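Participant: What would the 3D arrangement of this be:
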Amino acid sequence: MQIEIRQRQFDPWRELDRYQNESGLSPGSYGACSAFVGTMRDFNQGENISEMVLEHYAGMTEKLLTDHAVALVSRHGLLELLILHRVGRILPNDSIVLVAAWSVHRRAALDACREMMEHLKSQATFWKKETLVDSTGSAGQRWVDNISG
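Facilitator: Numbers count the residues shown, from 1 in each chain. Below you'll find the predicted structure:
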């Protein structure tokens, strides 16, 4: 299992391939890998967005994610779980999150991946500040109350 919060950009497909090859999963040991990749949109709540800053509570966020991930692995009988999440300045089309779950059967991988994403969006300690751009090109900023969506 790997859980990492990063400041730098990442290619989710390379990370998925790297982890699958380096995690110790033996060929033929899993029947499913479910992956979710979240990227930044250039709009939110009816406004155009030029960038956002994601903040987190270092140490606490990782612990909460690890606790939830350990429970998911146990509950669904996962073979492996990978969670990468960006923080810092993020631009439209940048990858924000990668969640991947490996299991013997697809249902466990799909359910675990969905549950982790719901946890990340509703309970994880991340805060999002968006930079808005209107039709005149001027910018304002706002903190987003709920980062689900």
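
Participant: can you tell me the average pLDDT over stretch 142-149?
Facilitator: Across stretch 142-149, the average pLDDT comes to 72.

Participant: cool, stretch 35-53 as well?
Facilitator: Mean predicted confidence for stretch 35-53 is 95.

Participant: just the helices in this protein please.
Facilitator: 12-22, 60-76, 106-122 (DSSP state H).

Participant: would you turn those helices into a markdown table with mean neighbour count?
Facilitator: For the C-beta atoms, the positions are set from N, CA and C on the backbone; glycine is no exception. Shown next, in a markdown table, are these (neighbours: other CB atoms under 10 Å):
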| stretch | mean neighbour count |
| --- | --- |
| helix 12-22 | 14 |
| helix 60-76 | 16 |
| helix 106-122 | 18 |
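
Participant: Could you export those helices as TSV, including mean pLDDT?
Facilitator: Formatted as TSV, the helices of the chain follow (pLDDT from 0 to 100):
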stretch	mean pLDDT
helix 12-22	96
helix 60-76	97
helix 106-122	97
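
Participant: Compare the ones you listed and give me the one nearest Asn44.
Facilitator: Asn44 lies closest, by CB to CB, to one member of those: helix 106-122, at 13.3 Å.

Participant: now the closest one, how far from the chain's geometric center?
Facilitator: Distance of helix 106-122 from its chain centroid, counting by CA atoms, centre = their mean, to the nearest Å, is 11 Å.

Participant: again, but for stretch 34-48
Facilitator: 12 Å.

Participant: Pull out the buried positions in that stretch.
Facilitator: Ser34, Ala35, Phe36, Val37, Gly38, Met40, Asn44, Asn48 (16 or more other CB atoms under 10 Å).

Participant: Excluding residues flanking it in the chain, which one is nearest the second one?
Facilitator: Ranked by CB to CB, 6 or more residues apart in numbering and with sequence neighbours excluded, the top spatial neighbour of Ala35 is Ala100, at 4.2 Å.
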